[in-house]
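Undergrad: Below: sequence and its predicted model.
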Amino acid sequence: MDFGKKFDSGLDYQAFLDQYADENQRGRWNDFHAAVALTDDQKSLLSSFVRETKVLVLAGTWCGDCVNQCPIFDHIANASHCIKVHYFDRDENPDLAEALQTCGAARVPAVLFLSEDNHVCGRYGDRTLTKYRAMAEQFTGAACPSGIVIPGDPLLSGVIQDWLDEFERIQWMLRTSGRLRQLHGD
């Protein structure tokens, strides 16, 4: 699949919601978006990025995991002039859903990171480590701790940090790439 061409056909955050979310879904997305807040340190980190990163997000406005993660991507993109995020509805893009399968299924959200010249740099999704730890604790109870305790709300601050860590990892990959350093003369 030509992911660069696919990226160009994607929608920004608001256009995605305008096209696919019904009134109830829009309310849930807006409520969660309002609950997300990046720290000053997180904003500072994101504003320091120098390499363009294209991010394809396969999602569904009906999906609870998307409601609880995609608004984070909008905040991240708004804090960095280098991050360009385009959204794709899973059901309207079966080719992308097939290409980004996770654990043998078209799970969402699925995120694909591309360099400025459309090389695949990474994939992430459908849930972050913080979310899976919380789910595992619910399934197994306190007798099976994850080993790491995150102060505050692990399902918001932890998930935000998990995603930020992945965006930062990709930025460092792009920033240290010999090919891109030669292209940019740095």
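TA: Looks like it came in fine.

Undergrad: Could you confirm Asp18 falls within a helix?
TA: Yes: remark: Asp18 belongs to a helix, assigned using DSSP: H, G, I helix; E, B strand; the rest coil.

Undergrad: Next one: it from Cys63, what distance?
TA: 17 Å (Cβ to Cβ, to the nearest Å). Where C-beta positions appear, they are placed from N, C-alpha and C, glycine not excepted.

Undergrad: In terms of helices and strands, where is Met135?
TA: helix 129-140 (DSSP states H and E).

Undergrad: List the buried residues of that helix.
TA: 130-131, 133-134 (16 or more other Cβ atoms under 10 Å).

Undergrad: Tell me the first helix or strand C-terminal of that helix.
TA: Using DSSP H and E, the first helix or strand after helix 129-140 is helix 159-176.

Undergrad: Run through who's touching that following helix.
TA: Residues outside helix 159-176 that contact it (Cβ atoms under 8 Å, 6 or more residues apart in numbering) are 36, 38, 42, 45-46, 49-53, 68-69, 72-73, 75-76, 82-83, 111, 113, 115-116, 121-122, 124, 128-131, 180-181.

Undergrad: In helices, which of those residues appear?
TA: Under the assignment DSSP state H, these contribute 42, 45-46, 72-73, 75-76, 129-131, 180-181 to helices.

Undergrad: Most neighbours among those residues, please name it.
TA: Of all these, the highest neighbour tally under other Cβ atoms under 10 Å goes to Ile76, namely 25 neighbours.

Undergrad: wait, doesn't that residue sit right on Ile83?
TA: Yes: applying Cβ atoms under 8 Å, one finds Ile76 in contact with Ile83, separated by 6.1 Å.

Undergrad: Overlap in contacts, the two.
TA: With Cβ under 8 Å, 6+ apart, Ile76 and Ile83 have common neighbours 46, 167.

Undergrad: Flag every buried residue along stretch 22-31.
TA: So stretch 22-31, judged by 16+ other Cβ under 10 Å, has buried residues 25, 28-29.

Undergrad: Tell me which two in the ones in helices among the contacts of helix 159-176 are the farthest apart.
TA: Lys131 and Arg181 (34.6 Å; Cβ to Cβ).
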